[in-house]
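# dropping the sequence and predicted coords here.
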Amino acid sequence: MAEIKNHHYDTILSPLITEKSTLLSEYNKVIFKVPLEAAKPAIKEAVEALFKVTVTKVNTIQVKGKTKRFRGKLGQRSGFKKAIVTLEEGQSVDITTGL
């Protein structure tokens, strides 16, 4: 396994815990929030190093920021990127514990 480096912590910002991500956990998938410039190989390397699991596939989705009103003025929420990481059969990640 690769040794843990500081840039791994910069690649994986936080886990996304939603109803959909909870359902996907039954299929060995975990969803993380990552920086917009993060690449799939870097995400794979970071997850394998931080959680000591084997990653078989990484899918990424860019979520556009919503337009919202605040005190009558239009504003824009920041967009972000999420990574759906598929783990090898029989492996899991406990995202409730902090790193």
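Great, that's in hand. Numbering: from 1, shown residues only.

# which positions in stretch 28-45 come out as buried?
Going by neighbour count (16 or more other CB atoms under 10 Å), the buried part of stretch 28-45 is 28, 29, 30, 31, 32, 34, 38, 42, 43, 44, 45. All C-beta spots, glycine's among them, are computed from the backbone N, C-alpha and C.

# ok, now which ones touch the third one?
With contact set as CB atoms under 8 Å, 6 or more residues apart in numbering, residue 30 has these partners: 15, 21, 24, 47, 84, 85, 87, 93, 95.

# rounded mean pLDDT for the one helix or strand it maps to, please.
In this structure, residue 30 is located in strand 29-34 according to DSSP states H and E. For strand 29-34, the mean pLDDT works out to 95.

# partner strands of that strand, parallel or antiparallel?
Using DSSP bridges, strand 29-34 pairs in its sheet with strand 14-15 (antiparallel), strand 80-87 (antiparallel).

# give me the contact list for the first one.
In other words, strand 14-15. Contacts with strand 14-15, where a contact means CB under 8 Å, 6+ apart, come from 21, 30, 31, 32, 33, 95.

# distance of residue 22 from residue 29?
As judged by CB to CB, to the nearest Å, residue 22 and residue 29 stand 10 Å apart.

# I meant to write residue 57 there.
In terms of CB to CB, residue 57 sits 9 Å off from residue 29.

# longest helix in this structure, please.
Looking across the chain with DSSP state H, the single longest helix is helix 40-51.

# who are the packing partners of it?
Packed against helix 40-51 by the contact rule (3 or more CB pairs under 8 Å, 6 or more residues apart in numbering; DSSP states H and E) you find helix 6-11, strand 29-34, strand 55-63, strand 80-87.

# tell me the bridge partners for the residue nearest to residue 74 when sequence neighbours are not counted.
Once flanking residues are discounted, residue 74 sits nearest to residue 67: 6.2 Å by CB to CB, 6 or more residues apart in numbering. Residue 67 has the following beta-bridge partners by DSSP bridges: residue 76.
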